[in-house]
Structures are given as structure tokens and as C-alpha cells.
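In: this one's sequence-less:
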């Protein structure tokens, strides 16, 4: 059962010291990039699940992946993932190569883009799976929940980056 807690904390954390604001900003950028990478991984996982299902599920004597409506949904999902990988790579590069403020901005843009893409890809996977996509027999809804959780971890609002994105 994936909904049950299996571990507990074993005491209070020890204080290790303080770090400067520049180092803290760089760590924040890294945290955003790692969370964004999780979103990309979730997207890839749920797309693989949907593609495999579309290859084996038959309707009217043909696999559902052979129908344009399903194929186009999966192709759009792949396109969103490729864009996510590209913007994630830039954000990861920025953590090491740019000053912390610019690295945070790149990571925030990547997080917003990848969060929106991951949600769309996960919802597409559930749609391809049909009614089984929201049951425990299929992991598509678990990927969606993971994407929603990662989106809320280190949250970023569009207003924070004021680049005119919609």
C-alpha cells in the first residue's frame, strides 16, 4: 500500500553552522534544479507507461497507438518532454556557471515550464489508459501525484520571474 508511512524521524537535527547568502542562493538554485529534474523524470516515466500501453491495448482490432488521436497525444507529450530536458539542462548549467541570482532565475523558469509540462504529460497518460488510469492497477495516477508534489516542493510563482510568460 503506497499510502502508508514506513519511516519515522529518530531525533532532532544537529545544528551545523551558517552559510553565506551567496552559498544559500546557490543551494536554492540547486534545489530547484533537482526538483525540476524529478519532474522531467516523472514525465518520462509516465510517457513510457502510456506508450507501452498504447502498443498492447487493442480496440476494434487495432492497437490504440495506431489511431491518430492517441498517436498525436503521445507525440505532443514527447515534444513537451524534449523542451523540458532542454530548459533543465540550461538551469543545471546555470547553477555552476552563472551568478546565484541568475541561476535562481533560470531554475525558476525551468521549474515553471517543467511543472506545467509534467502535469500535461501525466494527464495525457491517464487519458491514454482510459478508465484504468485512475486505479491502483495502473501507475499513471501515481506519476501525476508525484508531479503535483514536486511542483509544490520549492514552489515558484510566475509573478516572481516577470518575464512575460503565460
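Out: It's in. Just so we're clear, the structure is a prediction, and the values are computed from it rather than from any experiment. Residues are numbered from 1 along each chain as shown.
In: can you get me a residue count around the closest residue to residue 40 other than its chain neighbours?
Out: Leaving aside its chain neighbours, residue 40 sits nearest to residue 84 (4.9 Å; criterion: Cβ to Cβ, 6 or more residues apart in numbering). Just so you know, the C-beta spots here come from the backbone N, C-alpha and C atoms, and that holds for glycine as well. When neighbours are defined as other Cβ atoms under 10 Å, residue 84 has 24 of them.
In: element containing the residue nearest to residue 148 when sequence neighbours are not counted, please.
Out: Excluding its sequence neighbours, the residue lying closest to residue 148 (Cβ to Cβ, 6+ apart) is residue 119, at 7.2 Å. Of the helices and strands defined by DSSP states H and E, residue 119 is found in helix 100-129.
In: run through the bridge partners of residue 59.
Out: Bridge pairing for residue 59 (DSSP bridges) gives the partners residue 62.
In: and it, what's its pLDDT?
Out: With respect to pLDDT, residue 59 scores 82.
In: same deal with residue 148?
Out: Looking at residue 148, its pLDDT is 92.
In: correct me, but it touches residue 141?
Out: No - counting by Cβ atoms under 8 Å, residue 148 stays clear of residue 141, with 10.4 Å between them.
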